[in-house]
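# Sequence and predicted structure below; questions after.
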Number of protein chains: 2
Amino acid sequence: MASATTSAVVDPKSSIAEERKAPSFPIRELTYWIDGGKRVTDTKERIMLELERDPLWKVSDHPNLTLGETRERAMSKVRRLADLATARPLEETMLRMTIVSVVDPGFWTRFGVHFGLFFGALQGQATPSQLGYWMEKGALSMQGITGCFGMTELGHGSNVAGLETTATFDEATDEFVVHSPTLTATKWWIGGAAHTATHCSVYAQLIVKGKNYGTKTFVVQLRDTKTFQLMPGVNIGDLGKKMGRDQIDNGWIRFTHVRIPRSHMLMKHTKVTHSGDVIEPALAQLAYGALIQGRVSMVSDSANVAKRALTIATRYASVRRQFSSGAPGSVETKLIDYPIHQHRLLPLMAQTFAMIFTAREVSANYEKLMGVLSDLGNQSKGAAADEAIKELKETHATSAGLKAFCTWMCLNIIDQCRQSLGGHGYSAYTGLAQAYSDFAVHCTWEGDNTILTLQCGRYLVATALDARKGMPLPANLSYLKAAISKDGSLSAKTCKGNSAEQVSSLETLKAAWSSVAANAILNAVRDFEAGLAKGLSKDNAYEFSSASRLHAARMHTYTYLLHRFVAQVDQSPAPLRPILTLLAQLFGVHSAVQHSGEFLQSGFYSGAQIETLKGFVNFACTEIRKDAVPLTDAFGYTDYVVNSPLGRYDGDVYEKYFELVTSLNPTKPVPYFDSLIKPLLERTNETDSGPELEIDQED
Amino acid sequence: MASATTSAVVDPKSSIAEERKAPSFPIRELTYWIDGGKRVTDTKERIMLELERDPLWKVSDHPNLTLGETRERAMSKVRRLADLATARPLEETMLRMTIVSVVDPGFWTRFGVHFGLFFGALQGQATPSQLGYWMEKGALSMQGITGCFGMTELGHGSNVAGLETTATFDEATDEFVVHSPTLTATKWWIGGAAHTATHCSVYAQLIVKGKNYGTKTFVVQLRDTKTFQLMPGVNIGDLGKKMGRDQIDNGWIRFTHVRIPRSHMLMKHTKVTHSGDVIEPALAQLAYGALIQGRVSMVSDSANVAKRALTIATRYASVRRQFSSGAPGSVETKLIDYPIHQHRLLPLMAQTFAMIFTAREVSANYEKLMGVLSDLGNQSKGAAADEAIKELKETHATSAGLKAFCTWMCLNIIDQCRQSLGGHGYSAYTGLAQAYSDFAVHCTWEGDNTILTLQCGRYLVATALDARKGMPLPANLSYLKAAISKDGSLSAKTCKGNSAEQVSSLETLKAAWSSVAANAILNAVRDFEAGLAKGLSKDNAYEFSSASRLHAARMHTYTYLLHRFVAQVDQSPAPLRPILTLLAQLFGVHSAVQHSGEFLQSGFYSGAQIETLKGFVNFACTEIRKDAVPLTDAFGYTDYVVNSPLGRYDGDVYEKYFELVTSLNPTKPVPYFDSLIKPLLERTNETDSGPELEIDQED
């Protein structure tokens, strides 16, 4: 590939323009389909323009701000959005936050801590009169109150039941005494605590008359709302720099015998009376709801962030040229024309579409389910309630798996896209280095991913065991039916036919993944039962089977993603169907090749069929490559949202990258030339070999 | 796992102390074995202490420094190390830099750009008299000259032959004219250019009498060494913030008809005479040597950084407790006692040992080879030269694969370890967030990983084709012998025996990996030949086969790592052999399970044998877990080098983490309360519904 002749230079703008000459599908129609209709797309575009035109919302200079500047600018935007949230319909506010989560994820967290977590806790756990009280005080609109969410402690994150903070009821004064008994009880990672919040929803062990009733939620005032002085007994510190999301001021909080009125315990579920009677709720599972919402939103977030990463990587790959045939005047090849580069990016594109469509369907299902539960009210008995609770459990488990595997998938997509930019991916100004740092926390908060996969896997094992006993399977696990038999033997489904069409059709892929997921679940059941047979307790048998449980959750989640993807393809407008079908096939096939061992072990595919699938990946990459840039256009992000000179719509990457870097880093004299560099360059080596000793002269 | 009783608190120091009670091996002896002898360990420990005691070398506050402070502190350390490099033996300087590469990777780069890249270019490409000239001017010791390395351009990185900067010979003045003809010709990413360097080794197209001779190296002065003013025709700017390594001041450079004497072209290989005759070298391959050195050093670096990440993650997992049985007063379980946590960390531990031992052997082989080549001198003919060049090519290809897969492996290890810390991994003060950002560039520079894998794969395909024609195989590819046959059919080796001992013995694993690597190479050959059969050119047939080529490189590299690991186990002192054997087995088995599809397709392992291997992973994790903390102790890093409160030797994680965070972020009044927060809290909603219109009153 070496050439002693520099190649002809091609204008990058014309390089990308030619990518848009013959898309195989109507781009705008795909945007509407992704967004959920023209009306949504129009609103999003209006919001993107509003943000772009507001100088407060400049984001291209973020890498050059100090921690202090970053946080101050974020705070200045809080008010802007709070006012808009009051003035505009809720649906628009939700869309605005979706866009903000891509443009400025750290700010999104700062804003979301109050509205999503603090106010969300009130909504989910306060009684109507309590909710009314806090709304009266301005808790919804941040007029008088700004809130934070005090769950995690220095010593406990995933294990909420193990939190050490206590709230002890004092009957004499009708108060709770909130206290951090140890260093590890210190509330930690509390977003907004360092600089922003007046109040906190504190998770603490409820102790009444010496008895511990487990973790409940209490509203504790942290600061005087007029002076911002800390309340008596409250100590707060700043957690400083983080990997990302520095817009949000995470802090630590220690409580030293802080007294709050009894009515500041949120009592929608558990209640404590004046006389110290504790009334526990009939239906504890209903608290699941709030957890699910957070997880579902992270599937959407994964899709939205992945769209941006692929927009940057794909457009750059259509402009960046490297290596030519060496003939004089020959043109270098676009990165996107290299098969290996297609292999790097286009399976990620397919994964992104899988997440887009799954997120949409899961969100809709969640809303429906919440409606049903809300209609049920406190009715905890009867067929309708049983059915709803069963569905809630299924959604809880599925959303746990989706949250884990989609956030991991997106994190990988960001970093693969970043690496595909070569050295320029390492600049702070090309967008993906920060995207990685900002996104990484999604794999940890709202449930550590590994723990969530195990929750999902535990549900799968339990459901398979129930099904063996004759209990009906939920719809999303109906694929277990064929595989379940009393003797526990594995599925014997195999792929009929060896042609590329046969092995890679959506129907075959659905059957293939269902079959492999069923096997993975039955393997986890086998390991769980082996644990029991060794005499382990049920919990320990689950721990013993954790590797296969995690694997079962992965296979189930990929199967779920494929099924949701295919369902959306089936419903899509006809002109979109060919490209979406190909993307769904690539998702299913590429994932199968990556897990080929499972498919071979289950016997669904033979070695020869796996080779055919590998050939299909090549074929699909070649085909989708033709539409690669139009697909990024269909994502519908403006240059402002993409926020990377390498991902510009017009392909003018080099001029604009140079402009950005030079405008943010104007040339100045070297700051430490006189103090450090000049003395270095002009130094002489001083050596000290000591005086010659008399004794040595005797020789 | 829910409990309404907080569990008994255990002192973290005693939690880790109990881990050290009964190591299965002599820890100190393993340290010596890893380091290469007691003398090396002693020297390293002296260096670590010296760095720790020097206030300039404080690193725990790095996250809180601004970009300007970061760079200035790095510059202040340059002189300290330059003086030490002059005063102390070379071997010690090399060891010091190895430790610095872990303690402060960004500084390591700033220092290394001068000594490794700039001076390395002089050593590798200057004639003796040129080298003497530059050493006279202070190029070795930074007395008078500080250098940078001007290869990459805005438009070209991987394709060095495609660089656009020109150096045109002007016979009339006996000078070269160095020029950046386009924006994309701007030198980019040049470490040290923004603030540090007086001179640059510039890669440019050599043009003599209108003819282009390809990319050569020229020394160009950038700044006046007395005043630091830019030289005429030189423009330089600052590239500002990066993903990591902000200690090094990367810059851009544009040349506008800059004149340099003819003798500033480095002429060890290609020479240009006064009259414009160009004399090209007989043996171009010798330039490979310098490339290999950089790659080999990145295998070591991967091992060294992985050791630190695992020290932090393993020690924290031995102290952190989460979830208890729920019985009153019960103790929570250490993370490291959860099977899933062992699965997360211990295979990474095995990978780290694979890299440690491979790095050592590869470095030694490289030194030996360079000695042979140096003895050969310019003798380019004869059996000895042929043999050496063959070995050089093999080392070039193998080191390309090793660099790519080891840096990817280490990057993954860092992030998996970071995620295993839960939320605390997201803090800037626990060490792994920054480690990830700093390390990530290793996957891109010194050859983009993907391109390197393809180079390695191309060599593997070419060697297999040569072998088919009867040419002898290099030792590291002798495993191809059995698989090669004229009809190209794949290996039929299978694993005899089904017991865990039989399927997981080191001998079986070496045969298994060799067999699968051979198949992967032959698959790449098959795809390459299919490309030729379609009428593609040789280069295009290689592109066509790039996915299988990359895969062949991966399988070959893992096989190579396993063989090197086993070789070192075989030579290790007897007391170390059991634990090292188990680690080598875990490396081979875990990697095989991860690529089980390949082993099933090749027929080496059956589905049942793969299940046995999965069982072995569980077994090995349980066994190695007992030695997990002692293994991190054997890595021999002091707390200063580990630089994470969560990775402390004494396990006192919570106290020291709290101390660090609070000392670096002292509590202060909220800086923008009056300007931003008070107005937010106290605002009222101003609405403007407009005057009532007369026309509306008519109803």
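Thanks, I have the structure now. Residues are numbered from 1 along each chain as shown, chains lettered A, B, ... in the order given.
# contacts and neighbour counts: CA atoms only from here.
Fine.
# Does residue A:190 belong to a helix, a strand or coil?
Secondary structure state of residue A:190, per DSSP: H, G, I helix; E, B strand; the rest coil, is strand.
# And it, how far from residue A:219?
Distance of residue A:190 to residue A:219, given as C-alpha to C-alpha, to the nearest Å: 14 Å.
# which residues in the stretch 151-300 of chain A form strands?
With DSSP state E, counting those that start in this stretch applied, the stretch 151-300 of chain A shows strands at A:166-170, A:175-179, A:187-191, A:199-208, A:211-221, A:234-238, A:250-255, A:258-261, A:271-272, A:278-279, listed in chain order.
# who touches the first one?
Right, the one you point to is strand A:166-170. A:175-181, A:204-209, A:262, A:276 (C-alpha atoms under 8 Å, 6 or more residues apart in numbering or on different chains).
# For residue A:82, which non-adjacent residue is spatially closest?
In space, and not counting its chain neighbours, residue A:82 is closest to residue A:141: 6.5 Å by C-alpha to C-alpha, 6 or more residues apart in numbering or on different chains.
# correction: residue A:125
Among residues not flanking residue A:125 along the chain, residue A:268 sits closest, at 4.9 Å (C-alpha to C-alpha, 6+ apart).
# tell me the contacts of the one you found?
Taking C-alpha under 8 Å, 6+ apart as the definition, contacts of residue A:268 comprise A:124-127.
# Present the residues you listed as TSV; the columns should include secondary structure.
Rendered in TSV, the data for these read as follows (three-state DSSP):
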residue	secondary structure
A:124	helix
A:125	helix
A:126	coil
A:127	coil
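# of the residues you listed, closest to residue A:658?
For the contacts of residue A:268, the minimum distance to residue A:658 (C-alpha to C-alpha) is 49.8 Å, reached by residue A:124.
# That closest one and residue A:267, how far apart?
For residue A:124, the distance to residue A:267 (C-alpha to C-alpha) stands at 10 Å.
# lowest average confidence, helix or strand, in chain A?
Between all helices and strands in chain A, the lowest mean by mean pLDDT, DSSP states H and E belongs to helix A:480-483, at a mean of 84.
# In that one, which of the residues would be classed as buried?
Neighbour counts using 16 or more other C-alpha atoms under 10 Å in any protein chain shown place A:480, A:483 of helix A:480-483 among the buried residues.
# helices or strands next to the next helix or strand after that helix in the packing?
Downstream of helix A:480-483, the first helix or strand assigned by DSSP states H and E is helix A:500-504. With contacts defined as 3 or more C-alpha pairs under 8 Å, 6 or more residues apart in numbering or on different chains; DSSP states H and E, helix A:500-504 has these neighbours: helix A:607-626.
# hmm, 10 Å instead?
Helix A:500-504 sits against helix A:506-533, helix A:577-594, helix A:607-626, with contacts defined as 3 or more C-alpha pairs under 10 Å, 6 or more residues apart in numbering or on different chains; DSSP states H and E.
# ok now that helix, how far from the chain's centre?
If you compare the mean C-alpha spot of helix A:500-504 with that of the full chain, they lie 33 Å apart, counting by C-alpha atoms, centre = their mean, to the nearest Å.
# who's in contact with residue A:101?
Under the criterion of C-alpha atoms under 10 Å, 6 or more residues apart in numbering or on different chains, the contact partners of residue A:101 comprise A:95, A:107-109, A:112, A:301, A:304-305.
# Please parse chain A into its domains.
A:55-281, A:288-322+A:331-490+A:497-634 (automatic domain parsing).
# Kindly reformat those as JSON lines containing distance to residue A:41.
JSON lines is the format used below for the domains of chain A (distance: least, C-alpha to C-alpha, whole Å):
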{"stretch": "domain A:55-281", "distance to residue A:41": "10"}
{"stretch": "domain A:288-322+A:331-490+A:497-634", "distance to residue A:41": "11"}
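# Go through these and name the closest to residue B:404.
Taking C-alpha to C-alpha as the criterion, domain A:288-322+A:331-490+A:497-634 is the member of those that comes nearest to residue B:404, at 12.4 Å.
# buried set for stretch A:22-31?
Buried residues in stretch A:22-31, counting neighbours by 16+ other C-alpha under 10 Å, are found at A:24-25, A:27-31.
# Stretch A:359-377 too?
Within stretch A:359-377, the residues that qualify as buried by neighbour count (16+ other C-alpha under 10 Å) are A:359-363, A:366, A:369-370, A:373.
# List the contacts of residue A:473.
Residues counted as contacts of residue A:473 (C-alpha under 10 Å, 6+ apart) are A:463-464, A:466-467, A:479-481.
# any low-confidence regions in chain A?
Within chain A, the set of residues satisfying pLDDT under 70 comprises A:1-7, A:283-288, A:326, A:328, A:377-380, A:485-492, A:698-699.
# neighbours around the closest residue to residue A:316 other than its chain neighbours, how many?
Leaving aside its chain neighbours, residue A:316 sits nearest to residue A:646 (5.4 Å; criterion: C-alpha to C-alpha, 6+ apart). When neighbours are counted by other C-alpha atoms under 10 Å in any protein chain shown, residue A:646 registers 29.
# got it, and the one 5 residues further on?
A count of nearby residues for residue A:651, using other C-alpha under 10 Å, gives 23.
# Repeat that for residue A:261.
Neighbour tally, residue A:261, other C-alpha under 10 Å: 16.
# Run through the bridge partners of it.
Here residue A:261 sits in beta bridges with residue A:175, going by DSSP bridges.
# Can you name the residues that contact it?
When contacts are counted by C-alpha under 10 Å, 6+ apart, residue A:261 touches A:169-170, A:173-177, A:218-220.
# Try it again at 8 Å.
A:174-176.
# again, but for residue A:95
When contacts are counted by C-alpha under 8 Å, 6+ apart, residue A:95 is found next to A:43-44.
# Surely it forms part of a helix?
Yes: according to three-state DSSP, residue A:95 belongs to a helix.
# gap between it and residue B:270?
To residue B:270, residue A:95 is 62 Å away according to C-alpha to C-alpha.
# What helix or strand is the residue lying closest to residue A:58 once chain neighbours are set aside located in?
In space, residue A:58 comes closest to residue A:52 once its chain neighbours are excluded; the distance is 7.0 Å by C-alpha to C-alpha, 6+ apart. Element membership for residue A:52 (DSSP H and E) is helix A:38-53.
# Going by neighbour count, which residues of that helix are buried?
By 16+ other C-alpha under 10 Å, the buried positions in helix A:38-53 come out as A:40-41, A:44-45, A:47-48, A:51-52.
# Going by distance to chain B, which of the residues you listed wins?
residue A:51 (19.7 Å; C-alpha to the nearest C-alpha).
# Am I right that residue A:476 is in contact with residue A:559?
No: the pair residue A:476 / residue A:559 is not scored as a contact, 9.5 Å apart, by C-alpha atoms under 8 Å.
# So what's the residue count around the residue in chain A positioned nearest to chain B?
Each residue of chain A has a distance to chain B, by C-alpha to the nearest C-alpha, and the smallest belongs to residue A:597, at 3.4 Å. The tally of other residues near residue A:597 (other C-alpha under 10 Å) stands at 25.
# what sits up against whatever helix or strand it lives in?
In this assignment (DSSP H and E), residue A:597 forms part of helix A:596-602. For helix A:596-602, the surrounding residues in contact (C-alpha under 8 Å, 6+ apart) are A:490-492, A:512, A:515-516, A:519, A:592, A:605-607, A:610, B:595-598, B:600-601, B:607.
# out of these, which are buried?
With burial judged by 16+ other C-alpha under 10 Å, the buried subset of these is A:490-491, A:512, A:515-516, A:519, A:592, A:605-607, A:610, B:595-598, B:600-601, B:607.
# if we can go back for a sec, neighbour count winner among residue A:124 and residue A:267?
More crowded of residue A:124 and residue A:267, by other C-alpha under 10 Å: residue A:267, with 23 against 18.
# Wait, that one touches residue A:123, no?
No: when contacts are counted by C-alpha under 8 Å, residue A:267 is not listed as touching residue A:123 (11.2 Å).
# Next, work out how far apart residue A:680 and residue A:672 are.
In this view, residue A:680 and residue A:672 are 11 Å apart by C-alpha to C-alpha.
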